[in-house]
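Peer 1: no FASTA, just this:
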C-alpha cells in the first residue's frame, strides 16, 4: 500500500473507529452468530448467512483501517513555502478558463471541494504534489483538458 497522508485529527478518528469496530461491533456480530446457531441447522439458516456476511464485511473494514493507519504519514502543521506538500495552501491560475483558484492540499478523508480542499489521493492532488510556483499541470476532465499554473504558495 502506498503512503497515505493524513492529519493528526483524522488519524485519531480512524484509530477510534478501528477500536470501536474491534470491540463493540465484533461483540455484536458474535451475538448474532450465537443466536443464529441456536436456531439449529445452518444449511438453510438465513440469519446465520447474514451474520457470517456481516462478520466478513466487518473484518474487511478492520483490515482496511489497519492498513491505512500502518501506512499513514501524519501531516504536521502547515505546508512548505517552496513546494506543495500536504497542508499547503496555494493559488493557481486556471489557464483554460482564465480564473484564479485557491486550493489546500489535504490528507486522506479530508477533501472538501466546496472549500477548495483537495486530497492527496485525488488525481488533481497527486498532480500538484511537490510542484513549485511557476509549474504547470494539465488534467483531463469530462469537459476537456484544463491547465493550471501555480501562482502563489501561502505557507
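Peer 2: Done, it's in. Just so you know, these numbers come straight off a predicted model, no measurement behind them.
Peer 1: residue 95 touches residue 149, doesn't it?
Peer 2: Yes: Residue 95 sits in contact with residue 149 when judged by Cβ atoms under 8 Å, with a separation of 5.8 Å. All C-beta spots, glycine's among them, are computed from the backbone N, C-alpha and C.
Peer 1: list residues touching both of those two?
Peer 2: Common neighbours of residue 95 and residue 149 are listed as residue 136 (criterion: Cβ atoms under 8 Å, 6 or more residues apart in numbering).
Peer 1: so, low pLDDT: which residues of the protein?
Peer 2: Counting by pLDDT under 70, the low-confidence segments of the chain come to 1, 77-80, 155.
Peer 1: which secondary structure elements does the helix ranked longest in it contact?
Peer 2: Counting residues, the longest helix found in the chain (DSSP state H) is helix 46-71. Judged by 3 or more Cβ pairs under 8 Å, 6 or more residues apart in numbering; DSSP states H and E, the packing partners of helix 46-71 are strand 4-7, helix 8-20, helix 26-37.
Peer 1: tell me which of the ones you listed sits most buried.
Peer 2: Sort the helices and strands packed on helix 46-71 by mean neighbour count, taking mean count of other Cβ atoms under 10 Å, and strand 4-7 sits at the top with a mean of 22.
Peer 1: and for that strand, what's in contact with it?
Peer 2: When contacts are taken as Cβ under 8 Å, 6+ apart, the neighbours of strand 4-7 outside the stretch itself are 14, 68, 71-75, 86-87, 106-110, 120-121.
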